[in-house]
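Participant: turn this into a model:
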Amino acid sequence: MRAWRSPERWRKDMIVARASNVMHPPSGFADSRAVDPDPPPGNPESVPGSHMPFPLLAPAILVLVAPAIPPIAPVLPVQKAIDLLNAGKVGEALDQLDLAIVRDPKDAQPLWIRAQVYREMAKQSKGWPAAWYQECAEESATAMLDIQELDKNAATNAMFLLQHLRDAERPAPPDPSPAAIQAFSAGEEAFGKGAWDEARTHYLKALKESPAFAQAALYVGDAYFAQKRMEDAIPWFRKAAQLNPADPRAWRYLADALKSLGRKQEAEATMIEAIKVFPGNRASWQPLAWHRSAEGHPMTRLAFTPGVMIGWNKDGTQTLNLSDSPADAQAQAVWMLLAGAILDRISVDGGSGGGKDTPDLKTRFQQERFFWELGLKAYAEACQKAGAEPKDRILRQFLTFQKEGQLDAAIFLLRYRETFRPDYDAWLKANPGAVEAFLKRYNMRP
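Facilitator: Residues are numbered from 1 along each chain as shown. Next up, the predicted model:
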């Protein structure tokens, strides 16, 4: 069962956002409660595992597009894309969206539509196609957040999408009791009116009814934050993070409170802790990116683009193709070799069993690392034989990671999959400070 979400959350957060500018401005844009609204039941966001028939994809996307961006006259490729989505021509629509993004990289609208298209495609797919489409949605939403002076509503939607794309990968917190829900709803009503003390009283009652109710603890702290009582807010944000460490909001709210008190080092450590808990959630990375940019040290984004691309035929069957413009000939064969590992086609069923040329690979991470090592070795040898320098951006970067003994860290942090969890937890325990060292050395994010 998925975690309970307040029925009034979406509407009330929007009211609060317009009524107050005191909510967590340090994060990169103001109004944290607007950044993390929970939708009411019945909203497409709140229906886990809903799979629409492919022809219904376009209407579903268009319903979601409308409130995301302030009304503007769309550029021609965007309008074409919308028309194509209405006609069920998803591949052609994506081509038009890509064209619009190339024409104006600072326009959030095509990025947002593309993010939603890929999200819906991920819902309708399984295995490696679902994982790849999900990553495409994340890339689009992340690119939105990289736009300078991004509209708050657009940023709100992008952060919400990133936060919840991987909900199913982590254990959901226990549902609160009906009494706790009732008290929480009363707290939300008071919060929407700016009655911080009253709201906090209701949130505390909800937490008493359901002691594991992380969202109630978070909003006790948020009520203190609204009153600029940061020292009082901090323990509650910590408690929320302890109750539900996979929720990036608790860590971000905590970091915001610490930054507002001038405790920047603690704030950054908190942001990194959020990443360590769940590297696969892009919403956990964004606060650190904003923070380091504000400090004059913008992070480099890996922006993973493999040399193999997923597509589909007119009959709906999916295809795997080489990129139209490979950086060098040596990279082509290597990307085909890596395709199985990178696109999650490998399954673990009692290990690989080993063989003459293949070691006994018992976990998903061991398989991923093996294919990366194999592919990178082949790429380096092919480039050396051809007398050419490696040109493929991703492969060249991973060759650097490998040469500097950081391949494991790079896979865990930049290519994380929840199936890596046992190996990742063991790696964290065996290598204290490794995450911090990697981020200090490369200052890179997914």
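Participant: what is the least confident helix or strand in this structure?
Facilitator: helix 9-19 (a mean of 32; mean pLDDT, DSSP states H and E).
Participant: of all residues in this structure, which one is nearest the centre?
Facilitator: The residue lying closest to the centre of the chain (CA atoms, centre = their mean) is residue 282, at 2.8 Å.
Participant: what's the neighbour count on the residue nearest to residue 336 when sequence neighbours are not counted?
Facilitator: Nearest in space to residue 336, with sequence neighbours left out and distances taken as CB to CB, 6 or more residues apart in numbering, is residue 308 at 6.5 Å. For the C-beta atoms, the positions are set from N, CA and C on the backbone; glycine is no exception. Neighbour count for residue 308, taken as other CB atoms under 10 Å: 19.
Participant: so where is the stretch 51-200 of the chain shaky, pLDDT-wise?
Facilitator: Counting by pLDDT under 70, the stretch 51-200 of the chain has low-confidence residues at 51-75.
Participant: roughly how far apart are the nearest residue to residue 196 once chain neighbours are set aside and residue 256?
Facilitator: Spatial nearest neighbour of residue 196, excluding adjacent residues (CB to CB, 6+ apart): residue 223 at 4.6 Å. Going from residue 223 to residue 256 by CB to CB, to the nearest Å gives 14 Å.
Participant: which residues in the stretch 151-300 of the chain form strands?
Facilitator: Along the stretch 151-300 of the chain, the stretches classed as strands by DSSP state E, counting those that start in this stretch are 300-301.
Participant: what ranges do the helices span in it?
Facilitator: Taking DSSP state H, counting those that start in this stretch as the criterion, the stretch 151-300 of the chain contains helices spanning 152-165, 178-192, 196-209, 214-226, 230-243, 248-260, 264-277, 282-294.
Participant: which elements pack onto the fourth one?
Facilitator: Helix 214-226 is packed against helix 178-192, helix 196-209, helix 230-243, helix 248-260, with contacts defined by 3 or more CB pairs under 8 Å, 6 or more residues apart in numbering; DSSP states H and E.
Participant: let me know the angle separating it from helix 230-243.
Facilitator: Calculated by axes from the mean of the first three to the mean of the last three CA atoms, to 10 degrees, helix 214-226 forms an angle of 160 degrees with helix 230-243.
Participant: restricting to C-alpha, output helix 214-226 in PDB.
Facilitator: Written as PDB, here are the backbone C-alpha positions of helix 214-226 (Å, rounded to 0.1, in the frame of the first residue of the first chain):
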ATOM      1  CA  ALA A 214       6.600  11.500   8.900                       C
ATOM      2  CA  GLN A 215       4.700  14.100   7.000                       C
ATOM      3  CA  ALA A 216       3.100  15.400  10.200                       C
ATOM      4  CA  ALA A 217       6.600  15.700  11.800                       C
ATOM      5  CA  LEU A 218       7.800  17.500   8.700                       C
ATOM      6  CA  TYR A 219       4.900  20.000   8.900                       C
ATOM      7  CA  VAL A 220       5.400  20.700  12.600                       C
ATOM      8  CA  GLY A 221       8.800  21.900  11.500                       C
ATOM      9  CA  ASP A 222       7.400  23.800   8.600                       C
ATOM     10  CA  ALA A 223       5.100  25.700  10.800                       C
ATOM     11  CA  TYR A 224       8.100  26.800  12.900                       C
ATOM     12  CA  PHE A 225       9.900  27.600   9.700                       C
ATOM     13  CA  ALA A 226       7.000  29.900   8.600                       C
END
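Participant: now do it against helix 178-192, angle only.
Facilitator: Using the same axes, to 10 degrees: helix 214-226 against helix 178-192 is 20 degrees.
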